[in-house]
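>>> show me how the following folds:
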Amino acid sequence: MEPTLDHESESRKLSGLVVDSETISRMIHTALLRACGIAAQAVETGTQAMELYASGSRFDLVVIDLSFSNMRPAETARKLRTLDPGAKMIGITADDFHVESRAFIDAGGSTVFEKPMDREMLREVMQNLDL
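Reported below is the predicted structural model:
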């Protein structure tokens, strides 16, 4: 079994939220976060993500699919940024270049990866975002 990401200086387990309308993709990315020691939750829509944040939930990392239709990903990122100025958000897309990528970054997203994200990509994100 591959080792999980260790956070010896962390007094609590890191948390993550996956926002993706595709069931299989949501399951894959949630399982990836969990396999790397991150307590993960998943929702289908940007609206559901906003509801979690409005109820007081906060996440160390938010993974947002750039093609869900309920709320534009850039709008989701902007609203999350308002609710949690320190939110660390990454976009994922099935396209090599997605029109939403630039808008997502401009709205406060940290980076965009092609789906599916793998352990190496997640490790890179964690390192770059100081998680």
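
>>> C-alpha from now on. contacts and neighbour counts both.
Fine.

>>> hang on, Ile90 packs against Leu66?
No: distance between Ile90 and Leu66: 9.6 Å, which falls outside the contact criterion (Cα atoms under 8 Å).

>>> neighbour-wise, which of the two wins?
More crowded of Ile90 and Leu66, by other Cα atoms under 10 Å: Leu66, with 27 against 23.

>>> does the more buried one really touch Met89, like I thought?
No: taking contacts as Cα under 8 Å, Leu66 lies outside contact range of Met89: 11.6 Å.

>>> ok, Arg34 - contacts?
For Arg34, the residues meeting the contact criterion (Cα atoms under 8 Å, 6 or more residues apart in numbering) are Ala40.

>>> my bad, should have said Ala39
By Cα under 8 Å, 6+ apart, Ala39 lies in contact with Lys13, Leu14, Ser15, Gly16, Leu33.

>>> okay, the second one and Ile64: tell me how far apart.
Distance, Leu14 to Ile64, using Cα to Cα, to the nearest Å: 17 Å.

>>> ok, those two, which is more surrounded?
Residue environment comparison for Leu14 versus Ile64 gives the larger neighbour count to Ile64, 30 against 18, counting by other Cα under 10 Å.

>>> confirm that one sits in a strand?
Yes: according to DSSP: H, G, I helix; E, B strand; the rest coil, Ile64 belongs to a strand.

>>> show me what it is bridged to.
The residues paired with Ile64 through beta bridges, assigned by DSSP bridges, are Val19, Gly91.

>>> that one against Asp20, yeah?
Yes: when contacts are counted by Cα under 8 Å, Ile64 is listed as touching Asp20 (6.3 Å).

>>> residues contacting the residue minimising distance to the centre of the chain?
Taking Cα atoms, centre = their mean, the centroid of the chain lies closest to Val63, which sits 1.3 Å from it. With contacts taken as Cα under 8 Å, 6+ apart, Val63 has the following neighbours: Gly16, Leu17, Val18, Val19, Met89, Ile90, Gly91, Ile92.
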